[in-house]
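Visitor: need the 3D shape of this:
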Amino acid sequence: MLTPPWLLLLPLLSALVAAAIDAPKTCSPKQFACRDQITCISKGWRCDGERDCPDGSDEAPEICPQSKAQRCQPNEHNCLGTEVCVPMSRLCNGVQDCVDGSDEGPHCRELRGNCSRLGCQHHCVPTLDGPTCYCNSSFQLQADGKTCKDFDECSVYGTCSQLCTNTDGSFTCGCVEGYLLQPDNRSCKAKNEPVDRPPVLLIANSQNILATYLSGAQVSTITPTSTRQTTAMDFSYANETVCWVHVGDSAAQTQLKCARMPGLKGFVDEHTINISLSLHLCVFLKSQQEMG
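Guide: From the prediction side, this is the model:
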């Protein structure tokens, strides 16, 4: 039995794809090249206290020498010369948390008496720099170094996956309509309605829009609808309708199209939405921005 010619090309294609993925990537002047030489991020994201590179190189000490003190959250201690943060409540507790042992030592005994004279509103602990005030959880030390004020946890990216409400000494996470708060009280998960209907992904490419299950298997009841270079797509859950930008060679041929998907049984009632905005121009400007 003869092997199909296209099958012989698979190893070569796989090698080319792997080479393309592993090849060093050239970032634009407005971007920062991560240490992995593959990922590019906005320069504005460098040294902002959040790891945007997969390897965290955008927040590395040699890149951000001035931001070491900002790496730790309120009421945390930065171990000397590292990115390790430990709660202030664990300093001088007889258990070494920092590699260099800076959280423990003779100063814990020698300076403990000075804490009573510092006048801290909540707590005090001896450090290598002298006695230092710190606050209860969800409170932040003020500029006077003594008093404490409620800390807005919602200002920290990632505290809640969707909605965050700050309260005095705490915070509450919530979810937008259609999502349920999970047991961790922070993350949200989409409701599966009806519950016996498995989740489905809509995938748009240069030829069609198809529906697959999370396993990757195609939904047999849905025949892919033909498209051309779909550059934008959205789905209305209330109306079970998918809309997309169908790109043409001219402004007149670039259209906003929609189709209903009742009960995930296929695309029906495909129609064009007439709008005054030139979608062709929008697509052109978007492609220019991505290139530059």
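Visitor: what about T223, neighbour count?
Guide: Using other CB atoms under 10 Å, T223 has 13 other residues around it. Bear in mind the C-beta positions are built from the backbone N, C-alpha and C, glycine included.
Visitor: now it, nearest residue through space, not along the chain?
Guide: G266 (6.0 Å; CB to CB, 6 or more residues apart in numbering).
Visitor: with I273 instead?
Guide: Leaving aside its sequence neighbours, I273 sits nearest to L256 (CB to CB, 6+ apart; 4.4 Å).
Visitor: assign the one you found to helix, strand or coil.
Guide: strand (DSSP: H, G, I helix; E, B strand; the rest coil).
Visitor: not counting the helix or strand harbouring I203 itself, show me its contacts.
Guide: Using DSSP states H and E, I203 sits in strand 200-204. For strand 200-204, contacts defined as CB atoms under 8 Å, 6 or more residues apart in numbering pick out 209-214, 219, 227, 230, 233, 235, 242, 244, 264.
Visitor: again, only using 6 Å
Guide: If you take CB atoms under 6 Å, 6 or more residues apart in numbering as the criterion, strand 200-204 is touched by L210, A211, T212, V219, T230, M233.
Visitor: and what of stretch 50-68?
Guide: Outside stretch 50-68, the residues touching it (CB under 6 Å, 6+ apart) are F32, C34, R35, D36, T39, I41, W45, R46, C47, Y157.
Visitor: 7 Å instead, please
Guide: F32, C34, R35, D36, T39, I41, W45, R46, C47, G49, N78, Y157 (CB atoms under 7 Å, 6 or more residues apart in numbering).
Visitor: wait, which of those is closest to L111?
Guide: Comparing the contacts of stretch 50-68 against L111 with CB to CB places N78 closest, at 18.5 Å.
Visitor: how deep is the closest one tucked in, by neighbour count?
Guide: 17.
Visitor: what about the residue nearest to T223, which SS state?
Guide: G266 ends up coil, using three-state DSSP.
Visitor: check contacts around it.
Guide: T221, I222, T223.
Visitor: strands - which of the contacts of strand 200-204 land there?
Guide: Among the contacts of strand 200-204, the members falling in strands (DSSP state E) are L210, A211, T212, M233.
Visitor: okay, and the beta partners of the second one?
Guide: Beta-bridge partners recorded for A211 (DSSP bridges): L202.
Visitor: tell me the buried residues in the strand holding I203?
Guide: By 16 or more other CB atoms under 10 Å, the buried positions in strand 200-204 come out as L202, A204.
Visitor: any chance you could map the helices in the stretch 151-292 of the chain?
Guide: 279-291 (DSSP state H, counting those that start in this stretch).
Visitor: just give me the closest of the contacts of G266 to V176.
Guide: Using CB to CB, the contacts of G266 come closest to V176 at I222, 26.7 Å.
Visitor: ranges for the helices of the stretch 1-150 of the chain?
Guide: Under DSSP H, counting those that start in this stretch, the stretch 1-150 of the chain gives helices at 5-8, 10-22, 106-110.
Visitor: on that earlier part again, among the contacts of stretch 50-68, which ones are buried?
Guide: F32, C34, T39, I41, R46, C47, N78.
Visitor: I'd assumed F32 was in contact with the fifth one.
Guide: It stands for R46. Yes - contact status for R46 versus F32: in contact at 4.8 Å, counting by CB atoms under 7 Å.
Visitor: and for T127, nearest residue in space, chain neighbours not counted?
Guide: L91 (6.6 Å).
Visitor: cool, S226 as well?
Guide: Nearest one to S226, counting by CB to CB, 6+ apart, is N208 at 5.4 Å.
Visitor: how about A33?
Guide: C27 (4.4 Å).
Visitor: the one you found and T223: what is the separation?
Guide: According to CB to CB, to the nearest Å, C27 stands 41 Å off from T223.
Visitor: please apply the same query to V125.
Guide: 67 Å.
Visitor: quickly note the distance from G105 to L111.
Guide: Where L111 is concerned, G105 sits at a distance of 10 Å (CB to CB).
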